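[1] structure for the following, please:
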Amino acid sequence: MAYVVDRRLNSKNKSLVNRQRFLKRYHEQIREAVSDAVSRRNITDMQRGDSITIPKRDISEPVFRHGQGGQRDIVHPGNKEFVQGDRIQRPPSGGGGGSGSGDASDSGEGVDDFVFQISQSEFLEYLFEDLALPNMVKRQLVGSDSFETQRAGFSEVGSPNQINIVRTMRSAQARRIALSGKARRRRREVLAELSELEEQEEPKTEEERLALEEELSRLNFRLNTVPFLDDFDLKYNLHIRVPKPSPKAVMFCVMDVSGSMTQDIKETAKRFFFLLYLFLQKNYEKIEVVFIRHHTQAQEVDEETFFYSRETGGTVVSSALNLMSDIINERYSPNEWNIYGAQASDGDNWQEDNQRCHKALVDGILPNVQYFTYIEIGDRDPQGLWHLYQHLESDYADRFAIQRVRDNAEIYPVFRELFKKTMTGD
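    You can find the predicted model right below:
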């Protein structure tokens, strides 16, 4: 049985280079399509790829043609209606070519738009293009069981497949020079003396010449006994296994579930939380998510309860912020974790609770997080919580940001505004 092994580079993705060139050429069209997909998709479909449609006008190729210069008299064969010199009337308005827009025409002819698929990784790449996580610090995991092999110099023992030829030959040359350097110098001197004696051609120098020839023979024998390569010369590449730094992050999702938070507002918040989770997943290998819901009291819950529980009540935002601070102190040390917080609310809060929110953020959260974002959802005028956060944003501009969102269509633009890459950012 014959086996054929394809050893060509990129054998499974032979068109990868052409595909990358194509994606780069139609970058703007693909980016617009990805932006539209975010607003129309469900949360569960956000990670898959997408079909991208490019209008035919955007894929037309410029070509050189001969211009219709000079005087041209043409009578087409088979013409039964016109003779040379007749004037053709303008067609009625609304008539004419039906294939100019890519839609179906009366003649049954048309040009379809170009449609192709982008993969999940390509979709996410365009989704988070030009975005960056502020203050991103890749801290190492304690007790990581992930290792990688690294070069660690050279060794005198090893397997043949690890031999370093350059180091081996360098060591062999240094050994030969050290062992035979004196003999080589003496041989050059003997050869010079013999050359002088041969020029003199006197009988009295015969005895001296024989002695020099005997010494030259001994020197040649000594030099020939020095091996070209010895076991001592062999050098091997040394590789060691070292723990691989594995960055990890925790994402806190904080949402108001009071009576004023409708299901539509919760759905908008869910889209924001999911975009942030995908973004963190793109930058970190290990992600943990903590869901905190609150009305007058806050509690840590699972994802299903966080988004779909029907429990309602009043609004005390400080309860959620205090719980988040407690969880950070108990389970997520800032020395080991990259901590991110995202809060969504309609802006309602008891007036007397705003000061407690300020204290919880300044004392327990903002000093420990990499980035904290707040979105206020709804069409109402800014509430007291928004004004409080505005002052904090000016004081902690490097790690605290707020935005207002009216509906699902604004989630992606707002998300890009919160995490846009700055000139001094990551």
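[2] burial count for Lys359?
    Neighbourhood size, Lys359 [other C-beta atoms under 10 Å]: 13. No exception for glycine: its C-beta is placed from N, CA and C like everyone else's.
[3] next, the buried residues of the helix or strand harbouring Tyr374.
    Using DSSP states H and E, the element containing Tyr374 is strand 371-377. Neighbour-count burial for strand 371-377 flags Tyr371, Phe372, Thr373, Tyr374, Ile375, Glu376, Ile377 (criterion: 16 or more other C-beta atoms under 10 Å).
[4] and that strand, what does it pack onto?
    Judged by 3 or more C-beta pairs under 8 Å, 6 or more residues apart in numbering; DSSP states H and E, the packing partners of strand 371-377 are helix 263-283, strand 338-345, helix 384-395, strand 400-405.
[5] strands paired with that strand, and their directions?
    strand 338-345 (parallel), strand 400-405 (parallel) (DSSP bridges).
[6] hmm, back to that, using a markdown table, lay out the helices and strands packed on strand 371-377 together with mean pLDDT.
    Below are the helices and strands packed on strand 371-377 laid out as a markdown table (pLDDT from 0 to 100):
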| stretch | mean pLDDT |
| --- | --- |
| helix 263-283 | 78 |
| strand 338-345 | 87 |
| helix 384-395 | 83 |
| strand 400-405 | 87 |
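[7] which one of these is the most hemmed in?
    Most buried of these, by mean neighbour count (mean count of other C-beta atoms under 10 Å): strand 338-345, with a mean of 25.
[8] what residues sit buried inside the helix or strand just after that one?
    Using DSSP H and E, the next helix or strand after strand 338-345 towards the C-terminus is helix 354-360. By neighbour count on 16+ other C-beta under 10 Å, the buried set for helix 354-360 is Asn354, Arg356, Cys357, His358, Ala360.
[9] the third one reaches His387, doesn't it?
    No. Taking C-beta atoms under 8 Å as the contact criterion, Cys357 and His387 are not neighbours in contact, 11.4 Å apart.
[10] shared neighbours of the two, which are they?
    Shared contacts of Cys357 and His387, defined by C-beta atoms under 8 Å, 6 or more residues apart in numbering, are absent.
[11] related to what we said a few turns ago, between the buried residues of helix 354-360, which is nearest Leu191?
    Of all the buried residues of helix 354-360, Leu191 sits closest to Ala360, with 92.2 Å by C-beta to C-beta.
[12] residues touching the residue nearest to the closest one when sequence neighbours are not counted, list them.
    In this structure, Ala360 finds its nearest non-sequential neighbour in Leu321, 3.8 Å apart by C-beta to C-beta, 6 or more residues apart in numbering. Contacts for Leu321 were tallied using C-beta under 8 Å, 6+ apart; they are Val254, Cys357, Ala360, Leu361, Gly364, Ile365.
[13] what about Leu321, which helix or strand?
    With DSSP H and E as the test, Leu321 turns up in helix 317-331.
[14] so what's the gap between that helix and the chain middle?
    Relative to its chain's centre, helix 317-331 lies at 32 Å (C-alpha atoms, centre = their mean, to the nearest Å).
[15] kindly export it (C-alpha atoms) in PDB.
    Only the C-alpha atoms of helix 317-331 are listed here, as PDB (Å, rounded to 0.1, in the frame of the first residue of the first chain):
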ATOM      1  CA  VAL A 317     -26.300  49.800  45.200                       C
ATOM      2  CA  SER A 318     -23.800  49.900  48.000                       C
ATOM      3  CA  SER A 319     -24.800  46.400  49.100                       C
ATOM      4  CA  ALA A 320     -23.500  45.000  45.800                       C
ATOM      5  CA  LEU A 321     -20.300  47.000  45.900                       C
ATOM      6  CA  ASN A 322     -19.600  45.900  49.500                       C
ATOM      7  CA  LEU A 323     -20.200  42.300  48.500                       C
ATOM      8  CA  MET A 324     -17.800  42.600  45.600                       C
ATOM      9  CA  SER A 325     -15.100  44.100  47.900                       C
ATOM     10  CA  ASP A 326     -15.600  41.200  50.400                       C
ATOM     11  CA  ILE A 327     -15.200  38.600  47.600                       C
ATOM     12  CA  ILE A 328     -12.000  40.200  46.400                       C
ATOM     13  CA  ASN A 329     -10.500  40.100  49.800                       C
ATOM     14  CA  GLU A 330     -11.600  36.500  50.400                       C
ATOM     15  CA  ARG A 331     -10.900  34.800  47.100                       C
END
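[16] just the C-alphas of stretch 366-378, formatted as PDB.
    Taking Å, rounded to 0.1, in the frame of the first residue of the first chain, the C-alpha atoms of stretch 366-378 are listed here in PDB:
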ATOM      1  CA  LEU A 366     -10.900  50.900  42.700                       C
ATOM      2  CA  PRO A 367      -7.500  50.400  44.300                       C
ATOM      3  CA  ASN A 368      -7.600  46.600  43.500                       C
ATOM      4  CA  VAL A 369      -9.200  46.500  40.000                       C
ATOM      5  CA  GLN A 370      -7.600  46.800  36.600                       C
ATOM      6  CA  TYR A 371     -10.700  48.400  35.200                       C
ATOM      7  CA  PHE A 372     -14.200  49.100  36.300                       C
ATOM      8  CA  THR A 373     -17.000  50.100  33.800                       C
ATOM      9  CA  TYR A 374     -20.500  51.300  34.500                       C
ATOM     10  CA  ILE A 375     -23.300  51.600  31.900                       C
ATOM     11  CA  GLU A 376     -26.600  53.300  32.700                       C
ATOM     12  CA  ILE A 377     -29.400  51.900  30.500                       C
ATOM     13  CA  GLY A 378     -32.500  53.900  29.600                       C
END
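[17] show me which helix runs longest in the chain.
    helix 165-200 (DSSP state H).
[18] residues of that one that come out buried?
    So helix 165-200, judged by 16+ other C-beta under 10 Å, has buried residues Thr168, Ser171, Ala172, Arg175, Arg176, Ser180, Ala183, Arg187, Val190, Glu193, Leu194.
[19] what's the closest of the residues you listed to Arg404?
    Closest approach to Arg404 among the buried residues of helix 165-200 (C-beta to C-beta): Thr168, at 68.5 Å.
[20] quick one, grab the pLDDT at that closest one.
    In this model, Thr168 is scored at 90, pLDDT.
[21] low pLDDT regions in the stretch 301-426 of the chain?
    310-312, 421-426 (pLDDT under 70).
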